[in-house]
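Visitor: Sharing a sequence plus its predicted fold:
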Amino acid sequence: GTDMKKSVKIVAILTIMVVGVMTVLSACDGNKPKPEKKAIIMVTALMSGGLYDKATGENLWDPLPEEYEMISVLEDGIESFVLKLVAAKDENGQPLLKNLVDRYVQPILEKKEDKSNLIWSLAQDQYGVGNNPDVTPANGIDSKISYGVLAAYKPMMEDLDADYFKDYTVATFNYDWCIDNRENSRLLEEYINENGFTNVIFMSHSMGGMVVSGYLARSEENRKKVDAYLSYAGAFMGSLDALTYLNDPWSFLRGMGIEKENINEMLSNPAISAVLSGVGLNVDEKVVEDLMDNVATPFLQNMTSVIQLLPTWEYLCSEQYGEGEGVCIDGELIKSKDELYGYYCTRDWAFLRDENGNKISDGKGGFKLKPAVESLREFHDGLYVTLDNGEKVFASHTVNVYYFVGNNLQTRVTYNDITGGIDEYGKKPAGDGVVPYYSAIPGYTTAEIEAMKQNGHVIEYSEGHFEVGCKWSMTQEDVYKILETVTAK
């Protein structure tokens with residue numbers, strides 16, 4: 001019934017969020033650059049880039065066995081994916097989930113500050129410096145994660161490689177999705193230059209759009225190499241979800257129907273308690289609260305990339321907005337760029353803190369900001385290019401760009417910060433459920449977007465953020481139509 005479905009969904013969420021899984025991955029054909037100078041490069045999304053530990057060789061993200069791939073989530077649904085995981089046995093006939101819990105979840109629960117703790121390994125400190133210097137993007141390694149987390153982009157990349165390998169290197173560009181995206185744009189430039197690529201067709205998913213835009217904004221030389229750019233659900237101008245989760249990390253669970261006060265009730269659900277006891281996990285309300293407040297919250301609030309996903313002023317000025325919509329404080333709309341960045345710089349999570357949790361004085365009567373917050377406006381402004389005629393345009397406008405977007409899903413477009421609480425109900429069917437429509441098609445008027453829909457430069461689906469980027473069966477036909485035109489030139 002509904003309860004069982006809800007429990008399976010919750011187990012699914014908990015499994016994916018907490019249970020990292022690791023077995024030795026069987027080799028699969030990694031995306032090895034070929035000698036030609038043309039490339040089709042897919043730039044991954046927030047949390048979708050494959051990461052491994054270069055010192056131990058261990059896959060960090062994701063650590064599930066080889067056969068667990070995104071395609072089965074898309075084709076069979078998350079519930080079936082999780083049930084398969086719960087029923088799986090390792091090579092010795094032992095429950096796979098139990099091994100994973102012992103290897104990955106226990107160190108998180110014990111808050112170990114070493115490589116045994118996956119969250120610690122991936123996390124940054126408040127200065128944006130990673131705990132584990134050996135975290136490395138999985139580019140060109142023999143593993144499914146070279147195609148992104150759970151081989152997310154493998155179906156697309158394998159098909160493109162089969163059809164275009166004679167002329168193009170087809171590669172997935174994974175990057176560390178916790179760090180400053182300016183560094184990721186620089187690394188993308190380095191990757192292209194080191195491989196000597198002279199003609200590039202870019203693809204990107206979600207936050208990968210910021211990474212590609214940063215690459216384009218870096219130089220005219222970079223822009224000249226780009227024959228086409230296909231963006232899937234690009235988070236170019238940020239998302240109000242980033243603001244919501246930074247201000248209140250618990251809202252992430254509430255969005256999935258998990259209320260703080262109902263955690264014990266959820267954990268005592270027979271389906272969930274059976275799974276937990278089966279893997280030897282003794283979890284109650286206090287443990288979940290402690291994990292959320294002392295592990296998940298600092299992990300999220302120190303992520304430079306998530307801070308960079310805060311909505312830009314240009315997005316909030318777009319024609320997506322009706323009267324009274326945007327970012328509000330106690331119902332009062334923020335009305336200027338200075339006011340918006342001023343608001344970001346006064347949030348609790350914006351400040352550096354000492355070991356007692358107190359804000360650190362800047363010696364001028366104020367407090368020191370985290371570097372990610374201090375440089376946020378400069379980062380957002382850095383995604384623009386000034387044309388020869390003096391006009392400033394978003395970087396993606398400078399190349400032959402195609403926007404694949406999800407629309408008509410309930411997407412957060414208004415955020416009202418209320419003293420003593422947050423109103424989270426500013427949603428309307430104006431995006432893909434995560435990224436608002438006008439952030440995914442950045443800096444265009446409604447009329448321009450309509451014209452681009454007519455000429456094939458905006459391709460719209462009534463599907464979600466995840467599907468637009470990973471559901472190859474949905475986008476394939478449209479992608480091939482574009483590639484046939486671009487590669488024929």
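Guide: Sure, I can see it. All values derive from a computational prediction rather than experimental measurement. Residues are numbered from 1 along each chain as shown.

Visitor: For the chain, which element, helix or strand, carries the lowest mean pLDDT?
Guide: helix 2-18 (a mean of 53; mean pLDDT, DSSP states H and E).

Visitor: what are the pairing partners of the following helix or strand past that one, and which direction each?
Guide: Where DSSP states H and E defines the elements, the next helix or strand beyond helix 2-18 is strand 38-43. Sheet partners assigned to strand 38-43 using DSSP bridges are listed as strand 169-173 (parallel), strand 199-205 (parallel).

Visitor: And the contacts of the shortest one?
Guide: Residues outside strand 169-173 that contact it (CB atoms under 8 Å, 6 or more residues apart in numbering): 31, 33-34, 36, 38-44, 50, 137, 139-140, 146-148, 153, 157, 160-161, 164, 188, 191, 195, 197. C-beta here means a position set from N, CA and C on the backbone, and glycine is covered the same way.

Visitor: Take it, keep the C-alpha atoms, and write them as PDB.
Guide: Presented in PDB, the C-alpha positions along strand 169-173 are these (Å, rounded to 0.1, in the frame of the first residue of the first chain):
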ATOM      1  CA  THR A 169      37.300  11.900 -29.000                       C
ATOM      2  CA  VAL A 170      34.100  11.400 -27.000                       C
ATOM      3  CA  ALA A 171      34.900  12.000 -23.300                       C
ATOM      4  CA  THR A 172      33.100  12.700 -20.000                       C
ATOM      5  CA  PHE A 173      34.800  15.500 -18.000                       C
END
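
Visitor: Show me what secondary structure element comes after that strand.
Guide: helix 181-194.

Visitor: and that following helix, what does it pack onto?
Guide: strand 38-43, helix 208-218, helix 304-308 (3 or more CB pairs under 8 Å, 6 or more residues apart in numbering; DSSP states H and E).

Visitor: can I get these in TSV with mean neighbour count?
Guide: Below are the helices and strands packed on helix 181-194 laid out as TSV (neighbours: other CB atoms under 10 Å):
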stretch	mean neighbour count
strand 38-43	26
helix 208-218	27
helix 304-308	25
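
Visitor: so what does the helix or strand harbouring I272 touch, helix or strand wise?
Guide: Per DSSP H and E, I272 falls inside helix 270-278. With contacts defined as 3+ CB pairs under 8 Å, 6+ apart, helix 270-278 has these neighbours: helix 2-18, helix 96-100, helix 263-267.

Visitor: circling back to that earlier point, for the strands paired with strand 38-43, give me a markdown table that also has mean neighbour count and mean pLDDT.
Guide: Shown next, in a markdown table, are those (neighbours: other CB atoms under 10 Å; pLDDT from 0 to 100):
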| stretch | mean neighbour count | mean pLDDT |
| --- | --- | --- |
| strand 169-173 | 25 | 97 |
| strand 199-205 | 26 | 98 |
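
Visitor: wait, which of those is closest to N407?
Guide: strand 199-205 (16.4 Å; CB to CB).

Visitor: centre of the chain versus that closest one, how much separation?
Guide: 17 Å (CA atoms, centre = their mean, to the nearest Å).

Visitor: same question, stretch 76-86
Guide: The answer for stretch 76-86 is 22 Å, by CA atoms, centre = their mean.

Visitor: next one: phi and psi at the nearest residue to G324 once chain neighbours are set aside?
Guide: With CB to CB, 6 or more residues apart in numbering as the criterion, G324 has its nearest non-adjacent residue at 6.2 Å, and that residue is L333. Main-chain dihedrals, L333, degrees, to the nearest 10: phi -70, psi 130.

Visitor: if I look at L333, how far off is G426?
Guide: Separation of L333 from G426 (CB to CB, to the nearest Å) stands at 12 Å.

Visitor: between those two, what contacts are shared?
Guide: E325.

Visitor: Contact partners for the residue nearest to S185 when sequence neighbours are not counted?
Guide: Nearest residue to S185 in three dimensions, chain neighbours excluded: G214, at 3.0 Å (CB to CB, 6+ apart). By CB under 8 Å, 6+ apart, G214 lies in contact with 181-182, 184-186, 188, 382-383, 395.

Visitor: In a markdown table: these, plus distance to I441 and pLDDT.
Guide: A markdown table is the format used below for the contacts of G214 (distance: CB to CB, whole Å; pLDDT from 0 to 100):
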| residue | distance to I441 | pLDDT |
| --- | --- | --- |
| N181 | 19 | 98 |
| R182 | 23 | 98 |
| N184 | 22 | 98 |
| S185 | 20 | 98 |
| R186 | 26 | 98 |
| L188 | 22 | 98 |
| G382 | 20 | 98 |
| L383 | 14 | 98 |
| A395 | 14 | 98 |
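
Visitor: Do you know the pLDDT at Y245?
Guide: On the pLDDT scale, Y245 is placed at 93.

Visitor: wait, doesn't it sit right on L253?
Guide: No: Y245 is beyond contact range of L253, at 10.2 Å (criterion: CB atoms under 8 Å).

Visitor: From the contacts of G214, list the buried ones, please.
Guide: 181-182, 184-185, 188, 382-383, 395 (16 or more other CB atoms under 10 Å).

Visitor: list the helices and strands the one helix or strand A162 maps to packs on?
Guide: A162 is located in helix 154-164, with elements delineated by DSSP H and E. Counting contacts by 3+ CB pairs under 8 Å, 6+ apart, helix 154-164 packs against strand 38-43, helix 70-76, strand 169-173, helix 472-488.

Visitor: same question for the longest one, mean pLDDT?
Guide: When you say that, I think you mean helix 472-488. So the average pLDDT for helix 472-488 ends up being 96.

Visitor: packing partners for it?
Guide: Against helix 472-488 (3+ CB pairs under 8 Å, 6+ apart) you get helix 154-164, strand 199-205, strand 226-232, strand 401-406, strand 458-461, helix 465-470.

Visitor: do the second one as well
Guide: Here helix 70-76 is seen to pack against helix 78-87, helix 154-164, helix 465-470 when contacts are counted using 3+ CB pairs under 8 Å, 6+ apart.

Visitor: Could you export these as TSV, including distance to V401?
Guide: Listed next are these as TSV, based on distance: least, CB to CB, whole Å:
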stretch	distance to V401
helix 78-87	32
helix 154-164	18
helix 465-470	15
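
Visitor: out of those, deepest packed?
Guide: helix 465-470 (a mean of 25; mean count of other CB atoms under 10 Å).

Visitor: What are the contacting residues of that helix?
Guide: Under CB under 8 Å, 6+ apart, the answer for helix 465-470 is 45, 48, 70, 74, 152-153, 205-206, 232-233, 404-406, 432-435, 461, 474-475.

Visitor: and it, C-alpha only, in CSV?
Guide: In CSV, the C-alpha atoms belonging to helix 465-470 read as follows (Å, rounded to 0.1, in the frame of the first residue of the first chain):
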residue,chain,number,x,y,z
HIS,A,465,16.0,18.0,-13.9
PHE,A,466,17.5,14.6,-13.5
GLU,A,467,15.8,13.2,-16.6
VAL,A,468,16.8,16.0,-18.9
GLY,A,469,20.4,15.3,-18.1
CYS,A,470,20.4,11.5,-17.8
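
Visitor: Good, wrapping up.
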